[in-house]
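Colleague: quick one: sequence and predicted model below, then my questions.
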Amino acid sequence: MSIAKKLVGQTAAYGLSSIVGRALNYLLVPVYTRVFLPEEYGIVSYLYAFVAFFNILYTYGMETAFFRFANRPESDAKAVYNRVLSAILVSSAILTAVLLLASGAIARYIGYPDQKEYIVWLALVLAIDAIVAIPFAWLRHQNKAIKFASIKLSNILITVAANLLFLVFFRHIYEGKYLQELRPLVSYVYDPDFGVGYIFLINLVANALLLPMLWKELRIFRFKLDVEQLKPMLQYAYPLLFMGLAGMVNEVLDRLLLEQRLPENFYPGMSNMAAVGIYSACYKLAIFMTLTIQAFRYAAEPFFFSQSKDKDSPKTFATVMKWFVIFCAFIFLFISANLEDFAYFIGPEYWDGLMIVPVLLLANLFLGVYYNLSVWFKLTDKTHFGTYISFGGAAITVLFNLLLIPILGYMGSAIATLVCYFSMALVSYILGQRHYPIPYPAKSILAYVLLAIGLVWLALGIDIEGFWLRHAYHLALCGAFLAIVWLRERPGFLKL
């Protein structure tokens with residue numbers, strides 16, 4: 001149980017930066033959805049969808065390769081760190097130079113010829129993100145979770161503060177809502193026509209500040225580009241690159257296809273880009289599930305590698321999976337049952353898409369299950385299986401989006417996401433039991449997921465008049481889930 005305590009402790013520490021930090025960042029969603037129209041917010045979501053693909057290309061699996069090779073008994077972790085960061089520096093410089101040279105052409109290709117500067121700023125953001133990923137991985141390898149969390153949290157606080165400063169405080173002064181005497185001064189730094197450009201520029205400045213924050217980790221770095229020593233790492237990492245690209249297809253391609261495949265006037269009076277904005281804003285309501293998964297992944301990846309040699313590790317991994325699913329199932333139930341309250345985090349102009357939120361929450365639950373299951377091909381160095389599974393998921397994403405968007409609009413994209421992640425989890429489970437058997441309590445896990453789905457159906461399917469009575473009913477359903485978990489799992493929980 002000390003092993004479980006270690007994982008919980010590390011998840012909590014990394015979760016400080018992930019959950020608390022992203023929760024602060026999430027506070028920007030109400031700002032964005034009230035300052036910008038759905039079509040403007042759609043532009044932000046559309047461009048960041050491309051950024052997500054390039055983020056994978058910039059790191060090309062080397063972060064995970066660092067953990068794998070640095071944890072080998074005969075390895076010199078610092079030498080591995082030097083080799084990986086050297087490779088990332090060279091590749092990032094080349095990729096960013098290409099993007100800068102092609103920024104005008106890219107802006108024209110995606111339909112925003114007058115926003116070339118957006119491409120330039122995002123290219124620099126990508127380079128910085130890739131470079132700092134390795135010092136952050138070094139902190140995780142050294143179990144410096146507090147420093148990791150502090151820097152991540154500081155970066156998000158700077159981003160949030162700058163957004164609030166320009167998009168709320170300066171904007172209101174400029175519009176004469178208060179402190180009118182400061183308007184002449186504010187007009188020197190705030191331009192209302194700059195619009196969503198503030199989002200991209202603030203992101204660049206905040207990320208650039210990560211470099212001095214990680215100065216100690218960067219100072220120990222020594223450039224060493226040894227191609228022969230990098231070869232085994234690249235061989236390990238390249239399947240992860242393709243797996244990551246396929247994963248990004250599953251995660252963000254729906255925004256791109258929604259803009260392109262949605263029939264004209266499918267939603268009366270709404271442009272396709274506005275539909276992308278609504279879909280993206282409602283997707284943010286699944287943030288509590290994705291934050292849980294992200295915090296868990298930060299701790300779980302080095303944890304799984306470090307525990308892989310322990311004879312009881314399969315039982316440990318099975319226990320971790322069960323409690324992870326229970327926790328995520330409750331998040332799915334609680335948010336779905338109380339969706340009318342969570343809806344106030346986004347502007348009323350975006351509420352038309354709320355029906356997709358339960359579907360996306362359930363989809364992300366299965367994504368979390370898949371991340372748990374992926375331990376088998378990472379520990380056995382059979383990462384090519386992860387590539388196959390991810391490409392299969394990407395094919396499902398493309399196919400179902402193409403089929404369902406013209407019929408169901410953004411609900412079609414949400415269903416495609418659910419089918420994709422469920423299929424990936426199922427295939428990974430079947431293959432994992434053949435190559436690296438782990439005694440997952442599959443029936444118990446499935447029962448909890450079905451229980452949560454049934455309770456969500458009862459919450460959304462029964463319309464109760466009266467605000468307080470309706471909320472009491474929804475909270476009672478959530479309490480029923482917890483009571484069942486307690487009755488079934490009490491002995492194991494108390495022992496844990």
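Modeller: Done, it's in.
Colleague: restricting to C-alpha, output stretch 204-214 in PDB.
Modeller: Written as PDB, here are the backbone C-alpha positions of stretch 204-214 (Å, rounded to 0.1, in the frame of the first residue of the first chain):
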ATOM      1  CA  LEU A 204       3.900  33.500 -26.300                       C
ATOM      2  CA  VAL A 205       5.000  36.000 -23.500                       C
ATOM      3  CA  ALA A 206       4.000  33.600 -20.700                       C
ATOM      4  CA  ASN A 207       5.700  30.700 -22.300                       C
ATOM      5  CA  ALA A 208       8.900  32.700 -22.900                       C
ATOM      6  CA  LEU A 209       9.000  33.400 -19.100                       C
ATOM      7  CA  LEU A 210       9.300  29.600 -18.500                       C
ATOM      8  CA  LEU A 211      12.900  29.800 -19.700                       C
ATOM      9  CA  PRO A 212      14.300  31.800 -16.700                       C
ATOM     10  CA  MET A 213      12.100  29.800 -14.400                       C
ATOM     11  CA  LEU A 214      13.800  26.600 -15.500                       C
END
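Colleague: neighbouring contacts of it?
Modeller: For stretch 204-214, the external contacting residues (Cβ atoms under 8 Å, 6 or more residues apart in numbering) are 121-122, 124-125, 128-129, 131-132, 135-136, 151, 154-155, 158-159, 162, 218. Every residue, glycine included, has its C-beta placed from N, CA and C.
Colleague: make it 7 Å
Modeller: Outside of stretch 204-214, the residues within contact range by Cβ atoms under 7 Å, 6 or more residues apart in numbering are 121, 124-125, 128-129, 132, 135, 151, 154-155, 158-159, 162.
Colleague: over to stretch 35-54?
Modeller: For stretch 35-54, the surrounding residues in contact (Cβ under 7 Å, 6+ apart) are 32-33, 118, 122, 126, 167, 195-196, 199, 245, 248, 251-252, 255-256, 259, 271, 273-274, 276-278, 280-281, 349-350.
Colleague: repeat that with 6 Å
Modeller: Stretch 35-54 is contacted from outside by 32, 122, 126, 167, 196, 199, 248, 252, 255-256, 271, 273-274, 276-278, 280, 349, using Cβ atoms under 6 Å, 6 or more residues apart in numbering.
Colleague: among those residues, the buried ones, what's the PyMOL command?
Modeller: A single PyMOL command suffices to select whichever of the contacts of stretch 35-54 are buried according to 16 or more other Cβ atoms under 10 Å:
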select buried, resi 32+122+126+167+196+199+248+252+255+256+271+273+274+276+277+278+280+349
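Colleague: just the ones of the contacts of stretch 35-54 in helices?
Modeller: Per DSSP state H, helices hold the following members of the contacts of stretch 35-54: 32, 122, 126, 199, 248, 252, 255-256, 273-274, 276-278, 280.
Colleague: so Asp254 sits against Ile415, correct?
Modeller: No - counting by Cβ atoms under 6 Å, Asp254 sits too far from Ile415 to count as a contact (10.3 Å).
Colleague: can I get the ones in helices among the contacts of stretch 35-54 in CSV including distance to Tyr370 and pLDDT?
Modeller: Below are these laid out as CSV (distance: Cβ to Cβ, whole Å; pLDDT from 0 to 100):
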residue, distance to Tyr370, pLDDT
Tyr32, 29, 88
Leu122, 28, 93
Leu126, 26, 94
Ile199, 30, 91
Met248, 15, 80
Val252, 17, 80
Arg255, 21, 85
Leu256, 22, 82
Met273, 31, 82
Ala274, 32, 86
Val276, 25, 86
Gly277, 28, 87
Ile278, 27, 88
Ser280, 22, 87
